[in-house]
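1. Just the structure for this:
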Amino acid sequence: MANGDLNQLELWAASLLAKLSASGRKALTRLIGRDLRQSQAQRIAAQKEPDGTPYTARKARSKNLRGKRGSIRRGKTTMFAKIRTARWLKINADINGVEVGFGGRAARIARVHQEGLEDKPSSGAREVRYARRQLLGFSSADREMVRNHILDHFKS
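-> Numbering: from 1, shown residues only. Here you go, the predicted structure:
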């Protein structure tokens, strides 16, 4: 999504939000933040970019199905299974706006994938350039959801 679309949404919403009380703005931003976090987590689970294209596939692993303790791995492992949980995907909502982003160590991991940087997969390993996978982004459905929340808030 173009940055200009987000700027247009911000300009449109700013005039409406200026009419709300501080507590009303905070309640609305908290609601929008919660739904944005949920949509981002669902998109990450589906392994799709904000524009709907799939993530770049992971590098193939060796055929060793046994873990460290001899147990056999079952099922498909997905990328970013833990990072998309509410523990790491945080909401910061106040009267001025809302932010959805990663916190703690997950922020570094997410940044490496978001920007396609180099990192060591484990200590002692050589550096690897990761494919660019946009974890956080604003899709057209997200923009529509924000617009609908603002309009619904003024209807009631």
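
2. contacts, neighbours, all on C-alpha from now
-> Will do.

3. hey, where'd the strands end up in the protein?
-> 89-94, 97-102, 118-119, 128-129 (DSSP state E).

4. partners of the last one in the sheet?
-> I take that to be strand 128-129. strand 118-119 (antiparallel) (DSSP bridges).

5. quick one: contacts for the most centrally placed residue in the chain?
-> In the chain, the centroid-proximal residue (C-alpha atoms, centre = their mean) is Leu136; its distance is 3.5 Å. Contacts for Leu136 (C-alpha atoms under 8 Å, 6 or more residues apart in numbering) come out as Gln40, Pro50, Gly101, Gln114.

6. Out of the residues you listed, who's the most crowded?
-> When neighbours are counted by other C-alpha atoms under 10 Å, Gln40 leads the contacts of Leu136 with 24 neighbours.

7. where are the low-confidence patches of this protein?
-> 1-4, 61-77 (pLDDT under 70).

8. Which strands and helices lie in contact with the longest helix seen in it?
-> Ranked by number of residues, the top helix in the chain under DSSP state H is helix 22-45. Other helices and strands packing on helix 22-45, by 3 or more C-alpha pairs under 8 Å, 6 or more residues apart in numbering; DSSP states H and E, are strand 89-94, strand 97-102, helix 140-155.

9. Burial check on the residue lying closest to Ser39 once chain neighbours are set aside, number of neighbours?
-> Using C-alpha to C-alpha, 6 or more residues apart in numbering and skipping the chain neighbours, the partner closest in space to Ser39 is Asp142 (7.4 Å). For Asp142, the neighbour count with other C-alpha under 10 Å is 17.

10. which residues does Gly103 contact?
-> Trp88, Leu89, Lys90.

11. Please apply the same query to Leu89.
-> Per C-alpha under 8 Å, 6+ apart, neighbours of Leu89: Arg37, Ile83, Val100, Gly101, Phe102, Gly103.

12. do the same with Gly124
-> Contacts of Gly124 (C-alpha under 8 Å, 6+ apart): none.

13. How about the one 3 residues further on?
-> The neighbours of Glu127, taking C-alpha under 8 Å, 6+ apart as the test, are Glu118, Asp119, Lys120, Pro121.

14. where does it sit relative to Arg111, distance-wise?
-> According to C-alpha to C-alpha, to the nearest Å, Glu127 stands 15 Å off from Arg111.
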